[in-house]
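following is a predicted model, sequence given first.
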Amino acid sequence: MAKFTVIGGDASSDLAKRIARKLKSPYIKTEKKIFPDGESKITINQIPKKSIVIVVQSTNPPVDSNLLELLSIVSKVQKFSSKVYAVIPYMGYARQDREFLGGEIITIGVVGKLLKAAGVKKILTVDIHSKLALKELKIPSENVSAMEVLVKHFKKMKMKDPLVVSPDLGGKERAERFSNLLKTDFIALRKHRDRKTGKVNILSGKVDVKNRDLILVDDMVSTGGSIVKATQFLKKQKCRRVFVACTHALLVNDATKKIKNAGVTQIISTNTIPGESAKVDVSRVISDALR
Ligand code: R5P
């Protein structure tokens, strides 16, 4: 009998199938129907046999609907297995990990409570926004990194004197890891985000990037605001091409257009969120961690 059964939610069905193949485990499909009033109806196509059940579902937009789908699937399958694990490749709400302004709610903590109440025994996620967010979930949780597989992709690309750049100091450790794996150097810019308007500014002074190909490394790209500001700043300092390497490409609204207009040559992301830029597969990283 297989040790695992993998169930894919609507947001992560392709990645879930890949994980099931790697784990040599049965895969169960789900269906989601949205009613005209916005409510969703979720159906699992099969009842899992006795095994550890892994529900794979990212909580990218539509965030709350994808989260509810994950909760619903877990709540159903915990009747058939005492070990239900949630693989949440992209963990939404992880940026709401502290009270930045008075009165703000630490929503990632609420997400943790909901997952626990639904029956999740363990969470596996990829490049969660912060260690604090992982702690706030208050369920046994593991975070794996996509940096190695991203670097593998970049190693195959022809780059001129590459330099890794983190758009903010918070991403310094990530950029350092990326640059060590790529065997090059890195810098981290100083970014300021207005907590009320969300507007981003780069505060760094002059940086030495002349004639170098740059790789902006981030955990996620959402509106593209951080990448656009960083690219405009770096282009002024006469760098060569700018590439973006990120784990989670949310690319909301016209983010791709804004990023391209700022002068970015290419965005490379992973399949934690499917899309045009998702060139790097994380199914091996996830299945190795589950084994
Ligand atoms: C922030 O600290 C994150 O690491 C990302 O840089 C940020 O969330 C990206 O958001 P946006 O694309 O909207 O600037």
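Now that the structure is in, tell me what you want to look at.

mind listing what's buried in whichever helix in the chain runs longest?
If you go by DSSP state H, the chain has its longest helix at helix 63-77. Neighbour counts using 16 or more other CB atoms under 10 Å place 63, 65-74, 76-77 of helix 63-77 among the buried residues. Bear in mind the C-beta positions are built from the backbone N, C-alpha and C, glycine included.

check stretch 98-107 too.
Going by 16+ other CB under 10 Å, stretch 98-107 has these buried residues: 106-107.

for the stretch 151-291 of the chain, which segments are assigned as helices?
Along the stretch 151-291 of the chain, counting by DSSP state H, counting those that start in this stretch, helices occupy 172-182, 225-236, 255-262, 283-290.

deepest of the ones you listed, which one?
helix 225-236 (a mean of 21; mean count of other CB atoms under 10 Å).

low-scoring pLDDT stretches of the protein, where are they?
Residues of the chain meeting the criterion pLDDT under 70: none.

can you give me the domain assignment for it?
For the chain, the structural domains run 4-145+281-290, 147-271, going by automatic domain parsing.

now find how far off-centre the shortest one is within its chain.
When you say that, I think you mean domain 147-271. Computed by CA atoms, centre = their mean, to the nearest Å, the chain-centroid distance of domain 147-271 equals 15 Å.

can you check the distance spanned by it, start to finish?
13 Å (CA to CA, to the nearest Å).

the first one too?
Distance across domain 4-145+281-290, first residue to last, is 9 Å (CA to CA).

the ligand versus Ala16, what's the distance?
25 Å (CB to the nearest ligand atom, to the nearest Å).

by contact count, what packs against the strand or helix carrying Lys113?
Following DSSP states H and E, the helix or strand that holds Lys113 is helix 107-118. Secondary-structure packing of helix 107-118 (3 or more CB pairs under 8 Å, 6 or more residues apart in numbering; DSSP states H and E): helix 63-77, helix 131-137.

which of those sits closest to the ligand?
helix 131-137 (11.4 Å; CB to the nearest ligand atom).
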